[in-house]
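> model this:
(chains A and B)
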There are 2 protein chains.
Amino acid sequence: MPPTTVRITAVDTYDIRFPTSRELDGSDAMNPDPDYSAAYVILRTSAGGPEGHGFTFTIGRGNDVQVAAIDALREHVVGRSVAELCADPGSLYRDLIGDSQLRWLGPEKGVMHMAIGAVVNAVWDLAAKRERKPVWQFLADADPAWLASQVDFRYISDALTQDEAVELLRKGRQGAPDRAADLLRRGYPAYTTSPGWLGYSDEKLTHLAEQAVTDGFTQIKLKVGADLEDDIRRCRAAREAVGPDVRIAIDANQRWDVTQAIEWTKALAEFDPYWIEEPTSPDDILGHAAIRRGVHPVKVATGEHVQNRIVFKQFLQAGAIDVLQLDSARVAGVNENIAILLLAAKFGIPVCPHAGGVGLCELVQHLSMFDYVALSGTKQDRVIEFVDHLHQHFLDPVDVTGGHYQAPTAPGFSAAMHQTTIDTFTYPHGTFWAAEAASDKPGNATKDHV
Amino acid sequence: MPPTTVRITAVDTYDIRFPTSRELDGSDAMNPDPDYSAAYVILRTSAGGPEGHGFTFTIGRGNDVQVAAIDALREHVVGRSVAELCADPGSLYRDLIGDSQLRWLGPEKGVMHMAIGAVVNAVWDLAAKRERKPVWQFLADADPAWLASQVDFRYISDALTQDEAVELLRKGRQGAPDRAADLLRRGYPAYTTSPGWLGYSDEKLTHLAEQAVTDGFTQIKLKVGADLEDDIRRCRAAREAVGPDVRIAIDANQRWDVTQAIEWTKALAEFDPYWIEEPTSPDDILGHAAIRRGVHPVKVATGEHVQNRIVFKQFLQAGAIDVLQLDSARVAGVNENIAILLLAAKFGIPVCPHAGGVGLCELVQHLSMFDYVALSGTKQDRVIEFVDHLHQHFLDPVDVTGGHYQAPTAPGFSAAMHQTTIDTFTYPHGTFWAAEAASDKPGNATKDHV
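Numbers count the residues shown, from 1 in each chain, chains lettered A, B, ... in the order given. Coordinates of the predicted model:
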């Protein structure tokens, strides 16, 4: 190879934590005090050109474990040719999920899998930047056969073959230019979770729900599951605030067992909830199927904690969900999410991605926009979650206007954070956390900050 | 509290790796070059009395990530009263799986969950030592209501309630003294995987299979799944070596998709395999159900990579397996394994645990022996895997004689390693690895050692 080959020279990792727990932003029935965090990775290259940015999202403690997991992938990445990597991100994705020693720690789930997602997403960021396209457009413009080749069909071939995937993507390309133009003009529908955090007062909930309608949202979401009487009161307040025509999703964050999920959801049925989200464990495919039968016509949604394409496959095969909520940073990155979008398209189930946290809105908008332009071809009953937190830390933050995500036009995956953010919130030595530690507060800095 | 309360003073962790890949011991279709490893934990106390030993098993790279995950649990453990902890290990188990920030990294799966298993198992080791009983006896002697209280029924109550668990345990106690006496006299049946590693020659396979029969084993296991012609030849050689009456299990280590699993297993049916183990992804409940329908009368077995009780519950609900292969160190320790044993008892499915690796035989024998003495009450069609590797590193190694595990009588969980082992094989600074690094071998020390 010529000496001028541009290579990956470093995989730099950062444990970035924001002190969100002080405001109870993000509080729900299972997660009372999250400190929204990112295990953040930058792929440096020998060219001095664009870098690749990626991350996975956590809620505080354990973000260091997540960083250690990304560090364990470094030897697979450093030294690779950037051109080859960007021409075939799937080659790295397969190497990472196929490392037999690391695979033992999953396989394809939890900490190691999320680490792979962070690195793989950083590669797509780099690849799209080199093509000077946002990731959604990079994907929508890609050759269908090449896109299908980015998917690992192992363990899903009983539900979707590579030939079927190519066919779905070919069909998806019909009319793509018109949809891309529509997307750039009108954006992609969002719904907002901001009114409904469990730690908020009824007054704050009502005010934010009314504001959401004013802002153009046609769907909001409330956290439920801690106390039924509270939930009844809060759902009533929300329904009165938004009127009959705005959809109200409810979200139990895995709080219930199967029987309780059915009973609790039925007790809230009078407020016409659109979907019940995460009614029980994200591992319980058969449980969701039973709940879906039990709560009809309320829809059942899950996905933000679903570990991989294999479990999503079964949710679809079992008829266990009405709405598939993929997450940009829970599975092994864009490659696996293409598989999940293809499975959803084959089974005809709408994808309404999970977002919020740190940067999940920034990432996932690209996947839904690709799906609209070049795969499912529709926005019908599809919405991307929106939570208005922490966007100021990103170089290319989401723009949600009139209840719609406006299509990003900057090259890449919208994943890069400001250097000042990294310097301030890297744990424990960034300026914010160092100042916390230097104060005389007792206890754990990630729990007991001011 | 009086100043004399004995407390946990430290959670010491060790990254211990053995260079097993040089011999191809443990090689299979998915794991060609494992370096058997343990993320090892010692709970120190202020009494200077017994310590608690636990670990989880990995196959090399990533063992450092596993250690980092155990380290992340430390703050939940240090300072606890030893008496309170040992009187109710479930209190710590619930705190660990319920830490909302750490839970985000699963929930209840992969790296974080295995870390919890290591710590929880160390607590049971400590608790049993304080009662001067081996863990199997400690469990068998325990009050049924207390044992049931050690289980977290969240997400499994649709299949098993706490009341049902108490009832199963009460029934299990009938005749327990006779079975304990039988166990101490005759041991618990084992099967051996030693003949069947994929890297072995046909001659070695034949020799070891014959030796297994001579040694009193009535079941052996062969690894399959890399090449069908090889598998046919190896299965034929094994069947000829052991005769028609010894059971031959085959193990694909997740190599196949659903359709291929059925076809491949049928192609080996003439050699009368007893079970096909891990035919596909351990996450694919519906896939296993399809395979089970397709390969009958060959039985379907899985479990060593099944992440938690919730997935086991579904394997049982879906009628997807004939044999449940729990692992002592994959799930969150004894507490979750009691749940899994209870589920298996309720559904009438035999448990044949996964073992091998580092110390998995030492740990899991206690669970099967407890099950025999005080839960299922039977050894019918139940065998514990045995692999004759690395036992010399343990203070209280397994004793498999005449094809049977002899019941351990030393107090605790048989989990403690020799100090010399820790000093030698701790990575990368133990004497073995330091010497490897000091040699002039190129490449990764965990891959390219002599």
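
> what's the single longest helix in chain A?
helix A:110-130 (DSSP state H).

> do you know how far the closest residue to residue A:43 other than its chain neighbours is from residue A:28?
Nearest residue to residue A:43, sequence neighbours excluded (C-beta to C-beta, 6 or more residues apart in numbering or on different chains): residue A:52, at 3.6 Å. Glycine gets a C-beta too; all of them are placed from N, C-alpha and C. Noted for residue A:52: a distance of 32 Å to residue A:28, by C-beta to C-beta, to the nearest Å.

> the more surrounded of the two?
residue A:52 (31 against 25; other C-beta atoms under 10 Å in any protein chain shown).

> Need the pLDDT of that one.
Note on residue A:52: pLDDT of 98.

> cool, residue A:442 as well?
Residue A:442 is given a pLDDT of 48.

> Tell me if the longest helix of chain A is near chain B.
Yes - Helix A:110-130 reaches chain B (C-beta under 8 Å from any C-beta of the partner chain) through A:110-114.

> Could you check the angle that helix makes with helix B:110-130?
On the basis of axes from the mean of the first three to the mean of the last three C-alpha atoms, to 10 degrees, helix A:110-130 is oriented at 160 degrees to helix B:110-130.

> Now stretch A:106-113: buried residues?
Under the neighbour-count criterion of 16 or more other C-beta atoms under 10 Å in any protein chain shown, stretch A:106-113 has A:106-113 buried.

> Quick one: distance of the longest helix of chain A to the chain centre.
Relative to the centre of its chain, helix A:110-130 is centred 13 Å away, using C-alpha atoms, centre = their mean, to the nearest Å.

> For it, list the C-alpha coordinates in CSV.
Extracted C-alpha coordinates of helix A:110-130, given in CSV (Å, rounded to 0.1, in the frame of the first residue of the first chain):
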residue,chain,number,x,y,z
GLY,A,110,-25.5,-4.9,27.0
VAL,A,111,-22.2,-3.1,27.7
MET,A,112,-20.1,-4.6,24.9
HIS,A,113,-22.8,-4.2,22.3
MET,A,114,-23.4,-0.6,23.2
ALA,A,115,-19.7,0.0,23.0
ILE,A,116,-19.7,-1.5,19.5
GLY,A,117,-22.6,0.8,18.6
ALA,A,118,-20.6,3.9,19.7
VAL,A,119,-17.6,2.9,17.5
VAL,A,120,-19.7,1.8,14.5
ASN,A,121,-21.7,5.0,14.6
ALA,A,122,-18.5,7.0,14.7
VAL,A,123,-17.4,5.3,11.5
TRP,A,124,-20.7,6.2,9.8
ASP,A,125,-20.2,9.8,10.9
LEU,A,126,-16.8,9.8,9.3
ALA,A,127,-18.0,8.1,6.2
ALA,A,128,-20.8,10.6,5.7
LYS,A,129,-18.5,13.6,6.4
ARG,A,130,-16.1,12.4,3.7
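
> for chain A, what spans make up the strands?
A:8-17, A:37-45, A:52-58, A:188-196, A:219-223, A:247-251, A:273-277, A:299-302, A:323-324, A:384-386, A:400-401, A:404-405 (DSSP state E).

> from chain A, which residue is nearest to chain B?
residue A:110 (2.4 Å; C-beta to the nearest C-beta).

> pLDDT wise, what is the residue nearest to residue A:33 when sequence neighbours are not counted at?
Spatially, and ignoring its direct neighbours in sequence, residue A:33 is nearest to residue A:21 (4.1 Å; C-beta to C-beta, 6+ apart). pLDDT for residue A:21: 85.

> Distance to residue B:190 added to the strands of chain A, as TSV?
Shown next, in TSV, are the strands of chain A (distance: least, C-beta to C-beta, whole Å):
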stretch	distance to residue B:190
strand A:8-17	44
strand A:37-45	42
strand A:52-58	42
strand A:188-196	54
strand A:219-223	51
strand A:247-251	48
strand A:273-277	47
strand A:299-302	41
strand A:323-324	45
strand A:384-386	52
strand A:400-401	61
strand A:404-405	59
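
> for chain B, what are the nearby residues on the stretch 51-200 of chain A?
Residues of the stretch 51-200 of chain A lying near chain B (C-beta under 8 Å from any C-beta): A:58-62, A:64-66, A:68-69, A:72, A:75, A:99-114, A:153-158.

> Give me the buried subset of those.
A:58-62, A:64-66, A:68-69, A:72, A:99-114, A:153-158.

> circling back: of the strands of chain A, flag the one that's most buried.
Each of those was scored by mean neighbour count; the highest is strand A:52-58, a mean of 30, by mean count of other C-beta atoms under 10 Å in any protein chain shown.

> gap between that strand and the chain center?
Per C-alpha atoms, centre = their mean, the centroid offset for strand A:52-58 relative to its chain is 11 Å.

> so what's residue A:241 up against?
A:205-206, A:209-210, A:213 (C-beta atoms under 8 Å, 6 or more residues apart in numbering or on different chains).

> cool, and residue A:116?
Per C-beta under 8 Å, 6+ apart, neighbours of residue A:116: A:73, A:93, A:96-97, A:332-333.

> And it, how far from residue A:123?
11 Å.

> Touching both of these two, which residues are there?
Common neighbours of residue A:116 and residue A:123 (C-beta under 8 Å, 6+ apart) are residue A:333.

> quick revisit: my read is that the residue nearest to residue A:33 contacts residue A:34, right?
Yes - using C-beta atoms under 8 Å, residue A:21 makes contact with residue A:34 at a distance of 6.0 Å.

> list residues touching both of those two?
Common contacts of residue A:21 and residue A:34 (C-beta under 8 Å, 6+ apart): residue A:60.

> and the spatially closest residue to residue A:430 that is not a sequence neighbour, how many neighbours does it have?
The spatially closest residue to residue A:430, leaving aside those adjacent along the chain, is residue A:424, at 5.2 Å (C-beta to C-beta, 6+ apart). Residue A:424 has 17 neighbouring residues, counting by other C-beta under 10 Å.

> Can you list the low-confidence ranges for the stretch 351-450 of chain A?
Applying pLDDT under 70 to the stretch 351-450 of chain A flags residues A:440-450.

> which residues of it fall in helices?
A:360-374, A:419-425, A:431-438 (DSSP state H, counting those that start in this stretch).

> So for residue A:280, which of those sits nearest?
Evaluated over the helices of the stretch 351-450 of chain A, closeness to residue A:280 peaks at helix A:360-374, with 22.2 Å, by C-beta to C-beta.

> quick one: that closest one to strand A:52-58, angle?
Here the directions of helix A:360-374 and strand A:52-58 differ by 110 degrees (the same axes, to 10 degrees).

> and helix A:360-374 with chain B, contact?
No - judged by C-beta under 8 Å from any C-beta, helix A:360-374 stays clear of chain B, getting no closer than 12.5 Å.

> now that helix against strand A:37-45, angle please.
70 degrees.

> so where's chain A shaky on pLDDT?
Looking at chain A by pLDDT under 70, you get A:1-3, A:24-26, A:440-450.

> Residue nearest the middle of it, spatially speaking?
Taking C-alpha atoms, centre = their mean, the centroid of chain A lies closest to residue A:327, which sits 2.8 Å from it.

> mind checking how far that residue is from residue A:367?
10 Å.

> Now the common contact residues for those two.
residue A:353.

> How about residues contacting stretch A:207-214?
Contacts with stretch A:207-214, where a contact means C-beta under 8 Å, 6+ apart, come from A:192, A:194-196, A:200, A:220, A:237-238, A:241-243, A:246.

> Would you mark the buried spots in it?
Within stretch A:207-214, judged by 16+ other C-beta under 10 Å, the buried ones are A:208-210, A:212-213.

> One more: stretch A:338-357?
A:338-347, A:349-357.

> rewinding a little: touching, the residue nearest to residue A:43 and residue A:40? I think so.
No - Residue A:52 is not in contact with residue A:40 according to C-beta under 8 Å; the separation is 11.6 Å.

> Having no further points to raise, I will conclude here.
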